[in-house]
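Colleague: need the 3D shape of this:
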Amino acid sequence: MISRDRPAAASEGRRYLRLRCFGGFRLEPDGVPVDWSGVRPRIRTLMRYLAAEAGQPVHRERITAALWPGLPDRAAVNNLHVGVSTLRTFLEPGVARGASRFIVRDGSSYRLDVGAGGVCDVSAFEAALAAVRRARSTGEDAAAVAALRGALDHYTGDLLPEDGPADWVLAGRDRHRTRATEAAVLLARLELNRGRARAAATAARRALELDGYHDDGWRLLVTAQRRAGDVAASQRSQQTYERMLRSLGVARPADTRPVHVTAA
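Modeller: Coordinates of the predicted model:
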C-alpha cells in the first residue's frame, strides 16, 4: 500500500525554499538565509542530496546507498528516517508528523518540494535547457538564445563543491558541467549566426572557462573575435588554441571554422 504525506496548510509556517547547489550550497526558507551549523554533518549532507534532486522522487535505497553505504539495510533506513525527521523539524519547526510540505514521502521515495514561490537552481537550469530544446525544435533561435542565457545564469559553478569527491555527487557534477559547457558553445554559435560577434566571443569564453580543452569553444572564440574586428585577440586565441592542441599531441588545425554543435 502506497502512503503519501499530506502537506500542511499553505498559511502555516514557512511557505517556500530557495536553494542554491551550483557553486556552493545555500538554503533560504522564505528567502531568508539560515544558520544550520548546529545540524549534524550527515544530516546537512542529506539536505544537499535532496536539494540536488529537488522536485524529483528519490527512492530510499538510492539515498541510503549514497549516504550510508557501509551500513546494514535496517540501520541505514533508520538513519534516513532520523535524518528526514530532523530536517523536517529544522525546516518547519513544530510540524506535525506526516504534515511536512517540503520533504514529502511517497511510498518508499522522498521528494524535496520547494513550495509555491520557491526555486532550486538545479531545477531551473534543467528547465531552461528543456526550453532550449523546444525552441530549437521549432527554429526559434531568439527564444533559444534567451533560454541558454538563463541556463548559464543559473549555473554558477560546480554542483555542491563542499561535498568534494563523494561518489554520489561526481556523476551529477560532471553531467551538469558538460551540459553547461555545451550550452555556452551553442549560445556562441547562435550569436555568431545572428551577427553578434562580441556576444559570441563572450559565450565562447564562458565555455572555455568550464572546459579549456573544448575544440569548438576555441574555434568559435577565434572566429568571433576575428569577425568582431579584434584581430590581435583572435591571433592570441589562435596561438593559445594551438598550444593546447600540441599539449595533447594533436596537429595544428587547417582552419578555425566552427563545426557542428549539438543542442544542450
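
Colleague: residues near Phe125, how many?
Modeller: 24 (other CB atoms under 10 Å). C-beta: built from backbone N, CA, C; applies to glycine.

Colleague: and it, what does it touch?
Modeller: Phe22, Ala151, His154, Tyr155, His176, Ala180 (CB atoms under 8 Å, 6 or more residues apart in numbering).

Colleague: at 10 Å what do you get?
Modeller: Contact analysis of Phe125 by CB atoms under 10 Å, 6 or more residues apart in numbering lists 21-22, 150-156, 159, 176, 179-180, 183.

Colleague: mind listing the helices for this structure?
Modeller: Counting by DSSP state H, the chain has helices at residues 41-52, 60-67, 73-91, 121-137, 141-154, 167-193, 197-210, 215-227, 231-247.

Colleague: surely Gly55 meets Leu17?
Modeller: No: with contacts counted by CB atoms under 10 Å, Gly55 stays clear of Leu17, the gap being 11.1 Å.

Colleague: mind giving me the domain ranges of this structure?
Modeller: 17-117, 122-247 (automatic domain parsing).

Colleague: and of the contacts of Phe125, the nearest to Arg196?
Modeller: Leu152 (15.3 Å; CB to CB).

Colleague: for the closest one, give its distance to His59.
Modeller: Plainly put, Leu152 is 31 Å away from His59 if you go by CB to CB, to the nearest Å.

Colleague: more neighbours: these two, which one.
Modeller: The neighbour comparison of Leu152 against His59 (other CB under 10 Å) goes to Leu152, with 21 against 13.

Colleague: elements contacting the worst-scoring helix or strand of the chain on mean pLDDT?
Modeller: When each helix and strand of the chain is scored by mean pLDDT, DSSP states H and E, strand 103-106 comes last, with a mean of 91. The contact analysis (3 or more CB pairs under 10 Å, 6 or more residues apart in numbering; DSSP states H and E) places strand 103-106 against helix 41-52, helix 73-91, strand 109-112.

Colleague: the first one vs helix 73-91, what angle?
Modeller: Here helix 41-52 points in a direction 80 degrees away from that of helix 73-91 (axes from the mean of the first three to the mean of the last three CA atoms, to 10 degrees).

Colleague: just the mean pLDDT for helix 41-52, thanks.
Modeller: What helix 41-52 shows for mean pLDDT is 96.
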